[in-house]
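# Just a sequence and a predicted model for now, questions to come.
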Amino acid sequence: EADIYQTPRYLVIGTGKKITLECSQTMGHDKMYWYQQDPGMELHLIHYSYGVNSTEKGDLSSESTVSRIRTEHFPLTLESARPSHTSQYLCASSRWTSVVDTQYFGPGTRLTVL
Amino acid sequence: SQKIEQNSEALNIQEGKTATLTCNYTNYSPAYLQWYRQDPGRGPVFLLLIRENEKEKRKERLKVTFDTTLKQSLFHITASQPADSATYLCALHSGNTPLVFGKGTRLSVIA
């Protein structure tokens, strides 16, 4: 079992609310990622980080933002939630020192915006 | 643009048979190819990795092949069990680029 945690596991929220999805890992990994996945669909990379103070946008355009102030913590924020943001959000991490990008995933946060 | 195709959305097989899943890619020259397992409502779990200069990799009942000429990887589960039922994802990358995941194949092993 990977040491990567996501909270909350489930969130139901109204349109226009600001939300932050939390992701923490205790493996000392430098690389961290956020993916969005709809049921039965592929993973879409929305943000990633290669270390503290490093953040990059992924392939999928997203209205969310991320920060990486500490190695172990990579929160994702939606300033104003909309029903189109309803999805599962998965956080992952991997080692910087390894050329091979084997990723360890958290359990996910299932977000529903009403 | 880079594209990864996994042979079918769903595959049903009888318990005890060998399941074979296919991953094809285009417009890409990956140095590494990985296979992950994902159960409903959970994050993917890494299973196996194979490098571009390797033809085959095994781990217990799992076997992966990688043909860079055909741009294809095959993932085999021998002596399949109902507990092997899940979605299996292939993922590619090279250098320091992030992983690119396929859509996955949902495997159902019927007792």
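Structure's in. What do you need?
# So which bits of chain B are right by chain A?
Residues of chain B lying close to chain A by Cβ under 8 Å from any Cβ of the partner chain are B:9, B:31-32, B:34, B:41-46, B:49, B:89, B:93, B:95-96, B:98-99, B:101-104, B:106. Where you see a C-beta, it was placed from the backbone N, CA and C, and this is true even at glycine.
# Tell me the spacing between the residue in chain B that chain A sits nearest to and residue B:98.
When distances are taken as Cβ to the nearest Cβ, chain B reaches nearest to chain A at residue B:43, 2.9 Å away. In this view, residue B:43 and residue B:98 are 16 Å apart by Cβ to Cβ, to the nearest Å.
# ok, the two, which is more surrounded?
residue B:43 (23 against 20; other Cβ atoms under 10 Å in any protein chain shown).
# Quick check on the more buried one: phi, psi?
Main-chain torsions, residue B:43, degrees, to the nearest 10: phi -80, psi 160.
# Quick check, it in contact with residue A:109.
No - Residue B:43 is not in contact with residue A:109 according to Cβ atoms under 8 Å; the separation is 10.4 Å.
# Just give me the neighbour total for the nearest residue to residue A:57 once chain neighbours are set aside.
Excluding its sequence neighbours, the residue lying closest to residue A:57 (Cβ to Cβ, 6 or more residues apart in numbering or on different chains) is residue A:47, at 6.2 Å. Residue A:47 has 23 neighbours, counted by other Cβ under 10 Å.
# residues contacting residue A:47?
A:33-34, A:55-58, A:62, A:64-66, A:76 (Cβ atoms under 8 Å, 6 or more residues apart in numbering or on different chains).
# same question, residue A:75
A:20-23, A:66-67.
# For it, give me the pLDDT.
Note for residue A:75: predicted pLDDT of 98.
# For it, give me phi and psi.
Residue A:75 adopts backbone torsions of phi -80, psi 150, taken as degrees, to the nearest 10.
# just to revisit the earlier point, sitting in strands, which of the residues of chain B next to chain A do you find?
With strands taken from DSSP state E, the overlap with the residues of chain B next to chain A comprises B:32, B:34, B:45-46, B:49, B:89, B:93, B:101, B:106.
# thinking again about what came up before, filter the residues of chain B next to chain A down to the buried ones and express that as a PyMOL selection.
Selection of buried members from the residues of chain B next to chain A for PyMOL, criterion 16 or more other Cβ atoms under 10 Å in any protein chain shown:
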select buried, chain B and resi 32+34+43+44+45+46+49+89+93+98+99+101+102+103+104+106
